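> Based on what follows, work out the 3D shape:
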Amino acid sequence: MNLKRWSLLLFICAAFLLASCGTRQKSGALPSGGSSAPDFSLQTADGSTVELKSLRGKVVVLNFWATWCGPCRAEMPGIMQVYSRLKGEGVEIIGISLDRNGWDDVRPFLQKTTVTYPVVVGDQDLAKAYKIPDAIPYSVFIDRTGNIASTHVGFMSEAQFESELKKLL
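Numbering: from 1, shown residues only. Predicted structure coming up:
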């Protein structure tokens with residue numbers, strides 16, 4: 001294959017990836033706009049319990065991610081910046097790892113990387129309950145009444161993340 005064909009193929013692949021990464025999930029994802037977020041109770045690395053129902057009255061973001069996911073790791077600093085600015089306004093962000101090896105993968109990652117919001121490890125049942133698509137990161141924005149307001153698959157910039165949250169405040 002000559003250089004022109006490789007360049008064209010690479011351009012098409014990059015365009016496809018960019019088009020699919022920042023789009024909101026409509027079909028196959030949880031319906032937004034009023035459906036109740038499935039409850040869960042999960043442990044953080046230090047043994048604290050995170051229960052979704054105990055966060056009613058706050059705007060909550062569930063950010064599904066994995067240690068091996070480049071876009072997931074890339075959006076974490078922006079999420080932490082937004083969290084530090086909006087936590088006092090009633091925002092809670094929960095990072096839910098979907099790593100297959102659970103805490104065996106997540107603990108070493110958290111020892112090397114400071115994450116300022118709570119991180120828990122999810123499982124297949126939680127992934128099914130939230131109808132996680134075949135791509136992560138996947139963020140679920142939950143309003144103060146516990147209903148899903150919106151979902152987003154793919155990397156979100158700090159500005160996108162903050163804008164989505166501010167709609168719910």
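> Keeping just the C-alphas, turn stretch 120-135 into CSV.
Output of stretch 120-135 as CSV, limited to C-alpha atoms (Å, rounded to 0.1, in the frame of the first residue of the first chain):
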residue,chain,number,x,y,z
VAL,A,120,-15.0,2.2,43.7
VAL,A,121,-14.8,-1.0,41.7
GLY,A,122,-17.9,-2.1,39.8
ASP,A,123,-18.9,-5.5,38.4
GLN,A,124,-20.8,-7.0,35.5
ASP,A,125,-24.1,-6.6,37.3
LEU,A,126,-23.6,-2.9,37.8
ALA,A,127,-22.4,-2.5,34.2
LYS,A,128,-25.6,-4.3,33.0
ALA,A,129,-27.8,-2.2,35.3
TYR,A,130,-26.4,1.0,33.8
LYS,A,131,-26.3,-0.5,30.3
ILE,A,132,-22.7,0.5,29.8
PRO,A,133,-21.9,0.6,26.0
ASP,A,134,-18.9,-1.1,24.6
ALA,A,135,-16.8,2.0,25.1
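> Need the mean per-residue confidence for it.
Mean pLDDT, stretch 120-135: 94.
> Show me what the most centrally placed residue in the chain bridges to in the sheet.
Closest residue to the average C-alpha location of the chain: residue 63 at 2.1 Å, with CA atoms, centre = their mean. Beta-bridge partners recorded for residue 63 (DSSP bridges): residue 95, residue 139.
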